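In: Please find the sequence and the predicted model below.
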Amino acid sequence: MKQATLDKLQVAARDGQCRLFYLDEAGICAAPPVQRSWSPRGLPHAIEPNSHCRRSIIGALDFGKNALIHASHTRTVKGLHVVEFIEALLQQGDGKPTVIVLDNASIHHSIDQATLDRWFIEHKTLLFHLPPYSPELNLIEIVWKHFKYHWRRFVTWTKETIDAELAELLNGYGTKFQVNFS
């Protein structure tokens, strides 16, 4: 049922009748993810823990425009960050009804009812929560996967370069990098 509703919302967003955002958070480590490794014969497989810095990103994929709106944080994204991000997202609105698709993370459910009511009245905005354990329905998950495993350069970023490298990667969505959702 949720998939059928999302399909209808996607058609409406492509036709310009509404704005449809897929919102989620991601963590980016300074060292690229290790997908394979080896160990000398006779020794157990072990990977040294990486003590490099991380960045947390909150992003919204604008389905109609296939554009990425994002903000990065040096610490873990909290519920307050989600509310502030959605507020900023809604300020860029054009008066069209807006649907924001979210997973079931607790920080997505911690938004108080007064704020949800205000968003509905002032911005014609609804939050659409996906069923549990259904990341395939949140299209921004595909974008995050591409960022982490396909588009980023597989070199270790330093504390001095992580912000510039991450900004180049995120700001490149739509020009250098793009996912076709058709």
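Out: Yes, it's here. All figures in this text were calculated on a predicted structure; none of them were measured in a lab.
In: next one: phi and psi at D117?
Out: phi -60, psi -40 (degrees, to the nearest 10).
In: Am I right that G27 is in a strand?
Out: Yes. The assignment for G27 (DSSP: H, G, I helix; E, B strand; the rest coil) places it in a strand.
In: contacting residues for it?
Out: Contact criterion CB atoms under 8 Å, 6 or more residues apart in numbering gives 54-57 as the residues in contact with G27. The C-beta positions use only the backbone N, C-alpha and C, and glycine is treated the same way.
In: try 7 Å this time
Out: Residues near G27 by CB atoms under 7 Å, 6 or more residues apart in numbering: 54, 56.
In: Read off the pLDDT value for it.
Out: At G27, the model reports a pLDDT of 88.
In: ok, it to I111 distance?
Out: Plainly put, G27 is 21 Å away from I111 if you go by CB to CB, to the nearest Å.
In: Could you identify the helix or strand that succeeds the strand or helix carrying V83?
Out: Assigned by DSSP states H and E, V83 falls within helix 79-91. Moving toward the C-terminus from helix 79-91, the first helix or strand encountered (DSSP H and E) is strand 98-102.
In: quick one: contacts of the helix or strand following that following strand?
Out: Following strand 98-102 in sequence order, the next helix or strand is helix 106-109 (DSSP H and E). Contacting residues not belonging to helix 106-109 are listed as 77-79, 82, 102, 129 [CB under 7 Å, 6+ apart].
In: tell me the two of the residues you listed that are most distant?
Out: Maximum pairwise distance in those, criterion CB to CB, is 18.3 Å, between K78 and H129.
In: Looking at S56 now. What's its pLDDT?
Out: pLDDT for S56: 90.
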